[in-house]
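Chemist: I'll drop the sequence and a predicted model, then ask my questions.
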Amino acid sequence: MSKPVELIPLTRLALTFVPVAIVLGVLYRWSLGSGMALYAMGRMLLQLLLIGYVLAYIFTTEQPAVVLGVLTAMLGIASWIALRPLASKSGHQYAKALGSISLGGVLTLALVTQLVLDTEPWFKPREVIPLAGMIFAQSMTAISLAAERFYAELPRVATYEEARGIALKAALIPITNSLFAVGLVSFPGLMTGQIIAEVHPLVAARYQIMVMAMLFGSAGISAACYLSLLRPAEASA
């Protein structure tokens, strides 16, 4: 039987920011600018506090339109953030990122929720939205890495195809490293949370296998789709 999850007191939660403060201090000391990291941490705090209230409503909704609206907003935001490494952002670039995350992410989400988990009802917020967040975020990161590496490599290599191949390999490095490390070096959040809640480790392992496969698939499809949409003529322009 699962035990109730303990509410972490704020005084103990604050201790998790000790390593954060050390990193900020290193960035400042090395004149690398700690402002962006500090801003990112501040946004994280605000966003998670706000989303806690929002999810309390969304998770109890019985309206599929609400869930679809949330998923649409997540796709739009992820596509915009994916282009952050690019010096020049355009509507065409945004459309490519949006289409790529939609193709890789939405198809993977539908496969996992409707065929693997057999989610009932199909829009069940407690399953669909957290999984969508994991999938869209991984696709977003893959596109960011692919875009940055593609435009960095394009002037150095002879062909568009070479730059595209190098960029796709770079985009898959984080998730590929995770595949190698999971269970040996790292125990991902989903599996750790289930084990802490006293779910049998073999049950938790099955869920984590599902998660790792869906993240690799969505990242690879999204990055490959984005890179394929960068036509040779346009890429060299």
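Modeler: In hand now; what should we look at? Numbering: from 1, shown residues only.
Chemist: tell me which element the residue nearest to the spatial centre of the chain is part of?
Modeler: The residue lying closest to the centre of the chain (Cα atoms, centre = their mean) is residue 137, at 1.7 Å. For residue 137, the host element (DSSP states H and E) is helix 125-153.
Chemist: re earlier: confirm for me that the residue nearest to the centre of the chain is in contact with residue 78.
Modeler: Yes. Shown here, residue 137 and residue 78 form a contact pair, counting by Cβ atoms under 8 Å, at 6.7 Å. Quick note: C-beta positions are derived from backbone N, CA and C, even for glycine.
Chemist: for the residue nearest to the centre of the chain, what are its contacts?
Modeler: residue 78 (Cβ atoms under 8 Å, 6 or more residues apart in numbering).
Chemist: Specify the angle between the next helix or strand after the helix holding residue 137 and helix 125-153 in degrees.
Modeler: Later in the chain than helix 125-153, the nearest helix or strand by DSSP H and E is helix 160-171. Interaxial angle of helix 160-171 relative to helix 125-153 (axes from the mean of the first three to the mean of the last three Cα atoms, to 10 degrees): 130 degrees.
Chemist: Now the helix or strand that helix 160-171 is followed by: average pLDDT?
Modeler: Per DSSP H and E, the first helix or strand lying C-terminal to helix 160-171 is helix 173-181. Here helix 173-181 scores 87 as its mean pLDDT.
Chemist: doesn't residue 141 make contact with residue 81?
Modeler: No. Residue 81 is beyond contact range of residue 141, at 9.1 Å (criterion: Cβ under 8 Å).
Chemist: So which of the two has more stuff around it?
Modeler: residue 141 (20 against 16; other Cβ atoms under 10 Å).
Chemist: For that one, which non-adjacent residue is spatially closest?
Modeler: residue 174 (6.6 Å; Cβ to Cβ, 6 or more residues apart in numbering).
Chemist: ok, the one you found to residue 13 distance?
Modeler: To residue 13, residue 174 is 27 Å away according to Cβ to Cβ, to the nearest Å.
Chemist: Tabulate the CA atom coordinates of whichever strand or helix holds residue 69 in CSV.
Modeler: Per DSSP H and E, residue 69 falls inside helix 64-82. Presented in CSV, the C-alpha positions along helix 64-82 are these (Å, rounded to 0.1, in the frame of the first residue of the first chain):
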residue,chain,number,x,y,z
PRO,A,64,-11.8,18.0,-22.9
ALA,A,65,-11.7,21.6,-24.4
VAL,A,66,-9.8,22.8,-21.3
VAL,A,67,-7.2,20.0,-21.7
LEU,A,68,-6.8,20.6,-25.4
GLY,A,69,-6.4,24.3,-24.7
VAL,A,70,-3.6,23.6,-22.2
LEU,A,71,-1.9,21.3,-24.6
THR,A,72,-2.1,23.9,-27.4
ALA,A,73,-0.6,26.6,-25.1
MET,A,74,2.2,24.2,-24.1
LEU,A,75,3.0,23.5,-27.7
GLY,A,76,3.1,27.2,-28.6
ILE,A,77,5.4,28.1,-25.7
ALA,A,78,7.7,25.1,-26.2
SER,A,79,8.1,26.1,-29.9
TRP,A,80,9.0,29.6,-29.0
ILE,A,81,11.5,28.6,-26.3
ALA,A,82,13.1,26.0,-28.7
